[in-house]
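K.L.:
Predicted model and sequence below, questions to follow.
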Amino acid sequence: MDTDQLIRSLAADNAHRAPRVGAVLTMALLVAAPLSILIFATFFGVRADLMSAMRNPFFDMKFAVTLSLAIPAIIISLHLSRPEALLRGWGWLLLLPVGLLAVAIGGEAMMAPAMPMTMRLMGKNSRVCLVAIPAMSLPLLAGALFGLRHGAPSRPALAGALAGLVSAGLAATLYASHCTDDSPLFVVTWYTLATAIVTAIGALAGSKVLRY
Amino acid sequence: MRGREDEWTGLMRSAMAGDDAAYQRLLKAVTPVLRAAARRGLARAGQPPDQAEDIVQEILLAVHLKRHTWDSEAPFAPWLFAIGRNKLIDALRRRGRRVFVNIDDFAETLPGEAPQETASAGEVAAQLGTLPQRQRDVLQSIAVEAASIKDTAAKLSMSEGAVRVALHRGLAALTAKLRDA
C-alpha cells in the first residue's frame, strides 16, 4: 500500500472519536476499585478501635500521606500519557508525601515517646503491610495500566512506574484504616517498601504493555 | 519554519473539529518531513534508506490512533516529532540496531526538502493480508480503490456504520501487528 493510499484511509476514519485518556483511566480505576475493596473487606477490614484512633493525629496523617502520593501520581501519569511530555517540572509533586512524612516524623520526635523508637518502627504489622498493600494494588494497577494504554507515553516503563504509584497510593489508603501501627516511622519504612515493590511491578509491566 | 508549523497546528485543529479534508492535507504535508527524518535516522544507524517508508507509515498510523492525546492548545509539531522519534527508535530496535536517534532528526528538517511522489512500503501491505476478510475488503476499497464510505458500503452490502467500524478496527489491528512484529 502506498503512503497516499494509507493517508486516504486515515482521513476516511477521521470521524472516529476516542475518549480522553483521563476519562478512560477514571473508568478503569472505578471498575478495579471494588475488587481491591473486596480483598480489603475479606482479609483485612477496618481496625476495631477506629473511633479512638480517629482522635490520634498520626492516624489521620497516614491518609494524608497515601493520598498525597496517589493524587499527584494520577496527575503526572496523565501528563506523561502525551508523547511530548517530560517529567521535568512535574516530578516534584512526588515529594509531597515525603515532605508530609518528614513533618510527621519531626512532630512525633518532639512528643514524649509512648514506645521506644525501634518498636514504633518495627510495629506489629510489618509483614501484613508488605502483603496487603501489593495484593490490594494489583487490581488497581491493572486498571491504571489499562487506562494509560489509551495514551501515548514516550517512556513506557516510567509511565508504568507511575501507574504503580497510583495503585499503591490507593491501596495504602485502604490499608491505613486496617493497620494499628500509626507511627510515621512505621509508615516511612513499610509503606515505602510495599510501594516500591508495586512500583517496580508497574515499571516492568509498563515497559511491555504501554508501548503504542 | 515557524509558519509551516503554525499551519500544521491550524490544520490539526480543523481536523479535530471534523474537517476530513484538512486532516488529509495535514498528513500529506507532514509526510515528506517524516520521510526525510526517517532516512536520516536509518543512515545514522547504517541501514539502507529504503525502509524509510515503512517507518513513515507506522508514524502516520500512530498519529492517527493517538491524536486524542494532542492538546489543541499546544503546537502540533512537538507532539508529531515526539511520536516520530518513538517510532523511529522502535523500528531501529526491531532491526537489532543500537539506537542513537538524534533529537534533531525530526526538528531540523530543511525547508528545501523535495516533496517526493508517494512511495510504497512492504510492511503495511504484508500485514494487510493477515487481517480478517471484512476489514481487508474495506481497507482495500477505501485506500486502494479510493471509494467513499458510502460506495464501499453499497459495494460490500454493509451498512455505512459497519464500514466505519471495520475501517477503524482494521487500522488499529494493523498498528498492533506492526508494533508487535
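P.N.:
Noted; the coordinates are in hand.
K.L.:
show me what contacts residue 20?
P.N.:
This is for chain A. Counting by Cβ atoms under 8 Å, 6 or more residues apart in numbering or on different chains, residue A:20 makes contact with residue B:68. Bear in mind the C-beta positions are built from the backbone N, C-alpha and C, glycine included.
K.L.:
oops, chain B please
P.N.:
A:11, A:12, A:14, A:15.
K.L.:
Kindly give a single ChimeraX line that selects the buried subset of these.
P.N.:
Here is the ChimeraX command that picks out the buried ones among the contacts of residue B:20, judged by 16 or more other Cβ atoms under 10 Å in any protein chain shown:
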select /A:11,12,14
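K.L.:
Filter the contacts of residue B:20 down to just the ones in strands.
P.N.:
If you go by DSSP state E, those have nothing in strands.
K.L.:
Show me which of the contacts of residue B:20 is closest to chain B.
P.N.:
Proximity of the contacts of residue B:20 to chain B (Cβ to the nearest Cβ) peaks at residue A:11, which lies at 3.8 Å.
K.L.:
ok, the closest one to residue B:163 distance?
P.N.:
Between residue A:11 and residue B:163 the distance is 14 Å, computed by Cβ to Cβ, to the nearest Å.
K.L.:
same deal with residue A:39?
P.N.:
On the measure of Cβ to Cβ, residue A:39 and residue B:163 end up 44 Å apart.
K.L.:
swap in residue A:56?
P.N.:
Noted for residue A:56: a distance of 63 Å to residue B:163, by Cβ to Cβ.
K.L.:
Now do the contacts for the nearest residue to residue A:31 once chain neighbours are set aside.
P.N.:
Spatial nearest neighbour of residue A:31, excluding adjacent residues (Cβ to Cβ, 6 or more residues apart in numbering or on different chains): residue A:143 at 6.1 Å. Residues in contact with residue A:143 (Cβ under 8 Å, 6+ apart) are A:28, A:29, A:31, A:32, A:33, A:167.
K.L.:
Most neighbours out of those residues, which is it?
P.N.:
residue A:167 (32 neighbours; other Cβ atoms under 10 Å in any protein chain shown).
K.L.:
Is chain B within reach of the helix or strand containing that residue?
P.N.:
In this assignment (DSSP states H and E), residue A:167 forms part of helix A:156-176. No: in terms of Cβ under 8 Å from any Cβ of the partner chain, no part of helix A:156-176 sits within range of chain B; the closest distance is 9.5 Å.
K.L.:
can you give me the offset of that helix from its chain's centre?
P.N.:
Averaging C-alpha positions (Cα atoms, centre = their mean, to the nearest Å) puts helix A:156-176 2 Å from its chain's average.
K.L.:
Name the residues of that helix that come out as buried.
P.N.:
A:156-176.
K.L.:
counting contacts, what elements does that helix pack onto?
P.N.:
Packing contacts for helix A:156-176, counted by 3 or more Cβ pairs under 8 Å, 6 or more residues apart in numbering or on different chains; DSSP states H and E, involve helix A:21-39, helix A:57-79, helix A:126-149, helix A:192-209.
K.L.:
from the middle of its chain, how far away would the third one be?
P.N.:
Right, the one you point to is helix A:126-149. Worked out by Cα atoms, centre = their mean, helix A:126-149 lies 8 Å from the chain centre.
K.L.:
Also stretch A:3-23?
P.N.:
That offset, for stretch A:3-23, works out to 32 Å (Cα atoms, centre = their mean).
K.L.:
got a list of what the closest residue to residue B:24 other than its chain neighbours touches?
P.N.:
Excluding the flanking residues, the one nearest residue B:24 by Cβ to Cβ, 6+ apart is residue A:11, at 3.8 Å. Applying Cβ under 8 Å, 6+ apart, we find residue A:11 in contact with B:20, B:21, B:23, B:24, B:27.
K.L.:
Could you give me the ChimeraX selection string for whichever of those residues are buried?
P.N.:
Selection of buried members from the contacts of residue A:11 for ChimeraX, criterion 16+ other Cβ under 10 Å:
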select /B:23,24,27
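K.L.:
returning to what we had before: okay, and which of the contacts of residue B:20 map to helices?
P.N.:
A:11, A:12 (DSSP state H).
K.L.:
Contacts only, for residue 16.
P.N.:
You didn't say which chain, so I picked chain A. B:164, B:168.
K.L.:
actually it's chain B I care about, not the one you picked
P.N.:
Residue B:16 neighbours (Cβ under 8 Å, 6+ apart): B:67, B:70, B:72.
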